[in-house]
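J.: Provide a 3D model corresponding to the input given below.
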Amino acid sequence: MNDQAHFDSLLPAARVDRRGFMTTLGAASFALAVQPVMAQTVIDTPATGLSHGNATVPAGGDALPVYFARPATGTQLPVVLVVQEIFGVHAYIQDVCRRLAHEGYLAIAPELFFRQGNPAAIDNVAEIISAIVSKVPDAQVMADLDACAAWAPSQGGNPAQLAITGFCWGGRITWLYAAHNPQLKAGVAWYGRLDGAPAGNTPQHPIDVAAALHAPVLGLYGGQDQGIPVEDVDMMRDALSAAASPSEIVLYPDAPHAFHADYRPSYRSAEAADGWERLLAWLRQHVG
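T.: As a prediction, the model looks like this:
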């Protein structure tokens, strides 16, 4: 099950319509599906030829912590915002940034939960969701991502070549950001939640904004994902088609949730490699 897909079920007064039912359905397998195995990643991307590290970005009067990676030389680099899972900007997300940097991008991964708490300090998935994730407003996330985009030129990034990619919780955010920022050129959403009951901090979901996307999004999903039913994927495809959106969704029939996460048992090397090649092609086509 995806990292945020059912956090509503941990909160009181669940809705009883389809969205509420789907939010509650499968809650028993939630922790097993998202629990990370904090071991060494399968892919360990070296930093040779890169400039990378930690920094802070001015955001709403706060200092937003970020990890960034970019080629050691060059200016006017295309920019990719990298959005975390619920577990924060750990080694896997940092490695994704270095992979993108080796492709010529300035990759920026902000710690989007830093005001609400540190998920690395909690070893219980349900507690991460109830204590941290459920308290993070989408509006705050959009503003923090905007702040990262505004910071990018100071690091050699080209704001006219802006993209976003995200994993699970970050996959949902990718769709939302594509409807938020008219300067965005492309997005790649990895198994992000598509539908659900609206709540105060999460008033809309990707299916609600399918007709309002400013940039084409490539969605990468698993047919065996316990938290994102294929029905939801089909509904999102229909919504994108009705909106005449250039966005696309690829469904890997045998892949579970988090098939790209190479530090978890859900990792599927073939689907992960194919998805990564599709991501790079999508960025080349729409961002440059």
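J.: in the stretch 1-150 of the chain, which segments are predicted with low confidence?
T.: Within the stretch 1-150 of the chain, the stretches with pLDDT under 70 are 1-40.
J.: and the helices in it?
T.: Using DSSP state H, counting those that start in this stretch, the helices of the stretch 1-150 of the chain run over residues 18-24, 30-34, 91-102, 125-131, 138-151.
J.: closest one to Ala212 among those helices?
T.: Evaluated over those, closeness to Ala212 peaks at helix 138-151, with 13.2 Å, by C-beta to C-beta. Every residue, glycine included, has its C-beta placed from N, CA and C.
J.: now do the longest helix belonging to the chain: distance to the chain's middle.
T.: For the chain, the helix with the greatest residue count under DSSP state H is helix 269-286. How far helix 269-286 lies from its chain's middle: 15 Å, per C-alpha atoms, centre = their mean, to the nearest Å.
J.: ok, residues contacting that helix?
T.: For helix 269-286, the external contacting residues (C-beta atoms under 8 Å, 6 or more residues apart in numbering) are 42, 78, 80, 99, 103, 105, 163, 165, 185-186, 188, 190, 215-216, 218, 220, 222, 250, 252, 254-255, 259-260, 262.
J.: list the buried residues of it.
T.: The neighbour-count check on helix 269-286 (16 or more other C-beta atoms under 10 Å) flags 271-272, 274-276, 279, 282-283, 286 as buried.
J.: in a markdown table, list those along with distance to Glu127 and pLDDT.
T.: Below are the buried residues of helix 269-286 laid out as a markdown table (distance: C-beta to C-beta, whole Å; pLDDT from 0 to 100):
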| residue | distance to Glu127 | pLDDT |
| --- | --- | --- |
| Glu271 | 30 | 98 |
| Ala272 | 28 | 98 |
| Asp274 | 34 | 98 |
| Gly275 | 30 | 99 |
| Trp276 | 32 | 98 |
| Leu279 | 32 | 99 |
| Trp282 | 35 | 98 |
| Leu283 | 35 | 98 |
| His286 | 38 | 98 |
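J.: what is the neighbour count of Tyr191?
T.: As a burial measure, Tyr191 scores 33 neighbours (other C-beta atoms under 10 Å).
J.: got a pLDDT number for the closest residue to Phe167 other than its chain neighbours?
T.: If the residues on either side of it in the chain are set aside, Phe167 comes closest to Trp190, at 4.5 Å by C-beta to C-beta, 6 or more residues apart in numbering. pLDDT, Trp190: 98.
J.: Trp190 contacts Ser266, doesn't it?
T.: No - applying C-beta atoms under 8 Å, one finds Trp190 not in contact with Ser266, separated by 11.7 Å.
J.: more neighbours: which of these two?
T.: Trp190 (29 against 23).
J.: what's near enough to touch that one?
T.: Trp190 neighbours (C-beta under 8 Å, 6+ apart): 165-168, 170-171, 220, 260, 275.
J.: change it to 7 Å
T.: 166-168, 171, 220, 260, 275 (C-beta atoms under 7 Å, 6 or more residues apart in numbering).
J.: and if you look at Gln204?
T.: Gln204 neighbours (C-beta under 7 Å, 6+ apart): Pro198.
J.: for the one 3 residues further on, same thing?
T.: Under the criterion of C-beta under 7 Å, 6+ apart, the contact list for Ile207 reads 194-195, 235-236, 239.
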